[in-house]
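1. below are the sequence and a predicted model for it; my questions follow.
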2 protein chains.
Amino acid sequence: MVKRTSHEFSACPVARPLDAIGDWWSLLIIRDAFEGVTRFGEFQKSLGLAKNILSARLRNLVAHDILELKPCADNSNYNQYVLTEKGRGLFPLLVALRQWGEDYFCTEGEEHVVLVDREKGEPVRRLELRAQDGRLLGPDDTLVSGH
Amino acid sequence: MVKRTSHEFSACPVARPLDAIGDWWSLLIIRDAFEGVTRFGEFQKSLGLAKNILSARLRNLVAHDILELKPCADNSNYNQYVLTEKGRGLFPLLVALRQWGEDYFCTEGEEHVVLVDREKGEPVRRLELRAQDGRLLGPDDTLVSGH
DNA sequence: TCGTTTGGTTTTATGTTGCAACCAAAATTT
DNA sequence: AAATTTTGGTTGCAACATAAAACCAAACGA
């Protein structure tokens, strides 16, 4: 499914997730899953991608334990795709992507959806990287340090 | 280069960034750029991808103002690819990806690189989404709210 | 000045994607 | 309960993207 390139076996914790997720479509599937979409047809309608591709992506996400396939609770015999704990761990990533998108693609007073705190209805804060002692860290304040 | 699918024109601030970034390779290029890689050959050696693909990806990243092409400051006549402000805005996304990778792909006492605060040398804190009033927010505490 | 490195482009074989048609099981309608 | 529709896929095929290798010009180093 996903090509076996050198990076997939890298110990780098950036490269390996990419292989597990699969591709851009998978990320959009996950985004939809966070918004409550669970069924094949819903994903397909929401994303407008070919059914064979959707089928392959869902299978891959299930294989990587990002989604799981559960019987539909209610009346029906169909089953639904829901995020696992691991899948829910991708929430900050989706938020980061969204905030970057808001910053650089929705600037022109254009109306766009925004992520809000459910309780108060206010927009959420920006994601920030902080040191143990609370200092705000930018790209130049950090370093990837071998094992 | 990147296929023109329906999602690319979506107002959704999740889908549009994906189109700008391009693909997984681009994200690894950006990761390397954050770590100080600037030149074609360095990217190629670090990532091990075909030169024509690297060439296309770099061109795309430059076209989307994520990287820019600058003359090498020093002696040489070559030029280098460096992150723009927009590109540097992807830092939280890379961190989110990395933290997820650490959580789910490096669990087994395996030695792996870790992102540290340059000043103190300690690992950084986890990214957290918070409400305006500081409450910690999980996926179920948020909502995407139309315009 | 001659060879080597750098930064690509071109060519070609192979893999992946996307569309459309098809299909079976489940649900719904009559 | 029979017929129809909806759901959730699979299969086949054409178009497109990718990967590897050969090639090349400009820059650099000796």
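-> Yes, it's here.
2. after the longest helix belonging to chain A, which helix or strand is next?
-> When chain A is scanned for its longest helix (criterion: DSSP state H), the result is helix A:91-105. Later in the chain than helix A:91-105, the nearest helix or strand by DSSP states H and E is strand A:114-117.
3. how about the helix or strand following that following strand and chain B, any contact?
-> On the C-terminal side of strand A:114-117, the closest following helix or strand by DSSP H and E is strand A:142-145. Yes. Strand A:142-145 lies within reach of chain B by C-beta under 8 Å from any C-beta of the partner chain, at A:Thr142, A:Leu143, A:Val144, A:Ser145. From N, CA and C alone the C-beta is placed, and that goes for glycine too.
4. next: stretch A:108-128.
-> Yes. Using C-beta under 8 Å from any C-beta, stretch A:108-128 comes into contact with chain B via A:110-125, A:127-128.
5. just the buried members of those?
-> In terms of neighbour count (16 or more other C-beta atoms under 10 Å in any protein chain shown), the buried residues within the residues of stretch A:108-128 next to chain B are A:His112, A:Val113, A:Val114, A:Leu115, A:Val116, A:Asp117, A:Val124, A:Arg125, A:Leu127.
6. buried subset of the residues of strand A:142-145 next to chain B?
-> Buried, going by 16+ other C-beta under 10 Å: A:Thr142, A:Val144, out of the residues of strand A:142-145 next to chain B.
7. please identify which of the residues of strand A:142-145 next to chain B is nearest to B:Ser26.
-> Within these, distances to B:Ser26 taken as C-beta to C-beta reach their minimum at A:Val144, with 18.9 Å.
8. now do the closest one against DNA strand D, distance only.
-> Computed with C-beta to the nearest atom of the strand, to the nearest Å, the distance linking A:Val144 and DNA strand D is 24 Å.
9. that residue pairs with what?
-> With DSSP bridges applied, A:Val144 shows beta-bridge pairing to B:Leu115.
10. count the residues that sit near the closest residue to DNA strand D within chain A.
-> Using C-beta to the nearest atom of the strand, A:Gly41 is the residue of chain A that sits closest to DNA strand D, at 3.0 Å. The number of residues packed near A:Gly41 is 11, by other C-beta atoms under 10 Å in any protein chain shown.
11. follow-up on the earlier one: can you put the residues of strand A:142-145 next to chain B in JSON lines and add pLDDT and distance to A:Arg135?
-> What follows is the residues of strand A:142-145 next to chain B, written out as JSON lines (pLDDT from 0 to 100; distance: C-beta to C-beta, whole Å):
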{"residue": "A:Thr142", "pLDDT": "97", "distance to A:Arg135": "11"}
{"residue": "A:Leu143", "pLDDT": "95", "distance to A:Arg135": "14"}
{"residue": "A:Val144", "pLDDT": "94", "distance to A:Arg135": "18"}
{"residue": "A:Ser145", "pLDDT": "88", "distance to A:Arg135": "17"}
